[in-house]
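[1] Pasting the sequence and the predicted model now:
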Amino acid sequence: MSDVNYLLPVPCNASRDAISTFAENLRKESNLMNGFQVRDLMEANDGKVEMIDEYTENQKDALIVEPDGSFVARVSKISPGVRNNFILAHELGHYVLHWPKLKEQTPGVGMKCPRRGDAEDKIMMLCEQEADTFAVSFLLPAHEFREAIASGGIQEAKDRFAVTFEVVEQRARMLGISEEPKLTV
């Protein structure tokens with residue numbers, strides 16, 4: 001039995017633009033080309049990816065960070081790989097955005113992020129929004145995303161970045177991009 005105290009993440013309280021810029025810069029530094037490389041990136045940085053199924057005892061936690069900074073991101077065995085790419089990037093977002101602040105505020109603790117946040121917990125929902133912003137920006141950098149949409153639309157972006165249509169649509173909304181042609185009179 002572990003005597004580590006695990007806390008929920010602490011919001012970084014950065015703007016969406018600041019999180020997006022941070023995510024895109026981190027992507028550039030890591031030489032990430034598509035979503036399928038996120039797992040390798042996590043494992044190269046003291047992280048582990050655990051595939052869980054309906055028989056796994058702990059279904060509650062999606063990310064567990066130990067006090068030493070090592071971490072385990074947990075994704076479903078039955079989700080498609082492109083769906084798990086977003087989930088892993090989302091958990092990476094919690095790790096890079098929320099873990100440093102929590103570690104600084106409360107040394108010696110660990111951090112656990114639940115698979116499903118409580119909609120009533122405004123602090124956790126802010127952390128979820130921040131991690132989503134990070135994940136979408138990390139997986140689909142604005143300039144490359146615009147190029148993909150211009151050259152082949154949503155399908156091209158989905159294939160190039162190895163994400164789901166929902167992630168592509170979320171990024172398009174964030175950037176104010178509409179694939180439909182605008183009529184000029």
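    Yes, it's here. Quick caveat, the model's predicted, so the values are computed rather than measured.
[2] Do I have it right that Pro67 meets Thr106?
    No. When contacts are counted by C-beta atoms under 8 Å, Pro67 is not listed as touching Thr106 (9.8 Å). Where you see a C-beta, it was placed from the backbone N, CA and C, and this is true even at glycine.
[3] max-length helix in the chain?
    helix 142-161 (DSSP state H).
[4] which residues of this structure fall in helices?
    With DSSP H as the criterion, the chain has helices spanning 16-30, 38-43, 81-97, 99-105, 122-139, 142-161, 165-175.
[5] Could I get the buried residue list for the second one?
    Right, helix 38-43. Counting neighbours by 16 or more other C-beta atoms under 10 Å, one finds that the buried residues in helix 38-43 are Val38, Arg39, Leu41, Met42.
[6] so what does it touch, helix or strand wise?
    Helix 38-43 is packed against strand 47-52, helix 81-97, with contacts defined by 3 or more C-beta pairs under 8 Å, 6 or more residues apart in numbering; DSSP states H and E.
[7] Just name the most buried of the ones you listed.
    Neighbour counts averaged per stretch over the helices and strands packed on helix 38-43 are highest for helix 81-97, at a mean of 23; criterion: mean count of other C-beta atoms under 10 Å.
[8] Poorly predicted segments of the protein, please.
    Counting by pLDDT under 70, the chain shows low-confidence ranges at 1-2, 55-59, 179-185.
[9] what's the burial count for Gln155?
    13 (other C-beta atoms under 10 Å).
[10] show me the contacts for Ala119.
    Ala119 sits next to Met125 when contact means C-beta atoms under 8 Å, 6 or more residues apart in numbering.
[11] distance of it from Glu29?
    Per C-beta to C-beta, to the nearest Å, Ala119 is found 34 Å from Glu29.
[12] Kindly report the same for Gly47.
    Looking at Gly47 against Glu29, where the rule is C-beta to C-beta, the gap reads 16 Å.
[13] Out of the helices of the chain, which gets nearest to Asp61?
    With distances scored as C-beta to C-beta, the stretch of the helices of the chain nearest to Asp61 is helix 81-97 (10.2 Å).
[14] how about the CA coordinates for that closest one, as CSV?
    Backbone C-alpha positions of helix 81-97 (Å, rounded to 0.1, in the frame of the first residue of the first chain) are rendered in CSV as follows:
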residue,chain,number,x,y,z
GLY,A,81,-5.7,4.3,-32.1
VAL,A,82,-6.5,7.8,-33.5
ARG,A,83,-8.9,8.4,-30.5
ASN,A,84,-6.1,7.3,-28.1
ASN,A,85,-3.7,9.7,-29.8
PHE,A,86,-5.9,12.6,-28.6
ILE,A,87,-6.3,11.0,-25.1
LEU,A,88,-2.6,10.6,-24.7
ALA,A,89,-1.9,14.2,-25.8
HIS,A,90,-4.6,15.4,-23.4
GLU,A,91,-2.9,13.5,-20.5
LEU,A,92,0.4,14.9,-21.6
GLY,A,93,-1.3,18.3,-21.4
HIS,A,94,-2.2,17.7,-17.8
TYR,A,95,1.4,16.6,-17.1
VAL,A,96,3.1,19.6,-18.6
LEU,A,97,0.5,22.2,-17.6
